[in-house]
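Please find the sequence and the predicted model below.
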Amino acid sequence: MSDDFSKGNFGKLVETAQKLQDGMKSAQKELEDLRIVGEAGGGLVKITGNGRHDVVSVWFDPSVLSEEKTIIEDLTAAACNDLTRKIEKAYKSKVSGLATGFDFNKNFDLSSDDDDAGN
């Protein structure tokens, strides 16, 4: 292991890991509080959820309720799928920003200078 690593880069690594962990906790809290709407049938069915994938509310345009049961089921499933995709997109967007611009190779010398290790 290089002398640079043993002289302080480990402390930097731990500090950075803590910052990433704190950022992740913050992002998770923001996602929990987020309200996202999945839609189907051009807005005839709307399902609202949060970043934890919890369904918060379901709304049907009154005209949908006169449709056959299978159509209502299909529209509801499609709205749930739309909601899930939107939640995943929000999650990826939020989490991808946490480590942006951080390069372990650049910020830490993790290479080994012990070419004769074990001798």
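Structure's in. What do you need? It should be emphasised that the depicted structure is a prediction, and the values quoted were computed from it without experimental measurement. Numbers count the residues shown, from 1 in each chain.

Poorly predicted segments of this structure, please.
For the chain, the stretches with pLDDT under 70 are 1-8, 98-119.

Tell me where the longest helix sits in this structure.
helix 69-96 (DSSP state H).

buried stuff in it?
Of the residues in helix 69-96, 72, 75-76, 78-80, 82-83, 86-87, 90-91, 94 count as buried by neighbour count, 16 or more other CB atoms under 10 Å. (C-beta placed from N, C-alpha, C; glycine too.)

Any chance of JSON lines for those residues, columns distance to residue 39?
What follows is the buried residues of helix 69-96, written out as JSON lines (distance: CB to CB, whole Å):
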{"residue": "72", "distance to residue 39": "14"}
{"residue": "75", "distance to residue 39": "9"}
{"residue": "76", "distance to residue 39": "11"}
{"residue": "78", "distance to residue 39": "8"}
{"residue": "79", "distance to residue 39": "6"}
{"residue": "80", "distance to residue 39": "11"}
{"residue": "82", "distance to residue 39": "6"}
{"residue": "83", "distance to residue 39": "8"}
{"residue": "86", "distance to residue 39": "9"}
{"residue": "87", "distance to residue 39": "13"}
{"residue": "90", "distance to residue 39": "15"}
{"residue": "91", "distance to residue 39": "19"}
{"residue": "94", "distance to residue 39": "21"}
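
closest to residue 18 among these?
Proximity of the buried residues of helix 69-96 to residue 18 (CB to CB) peaks at residue 94, which lies at 18.7 Å.

From residue 68, how far out is the residue nearest to the spatial centre of the chain?
Nearest to the mean C-alpha position of the chain, by CA atoms, centre = their mean, lies residue 91 at 2.6 Å. Distance, residue 91 to residue 68, by CB to CB, to the nearest Å: 35 Å.
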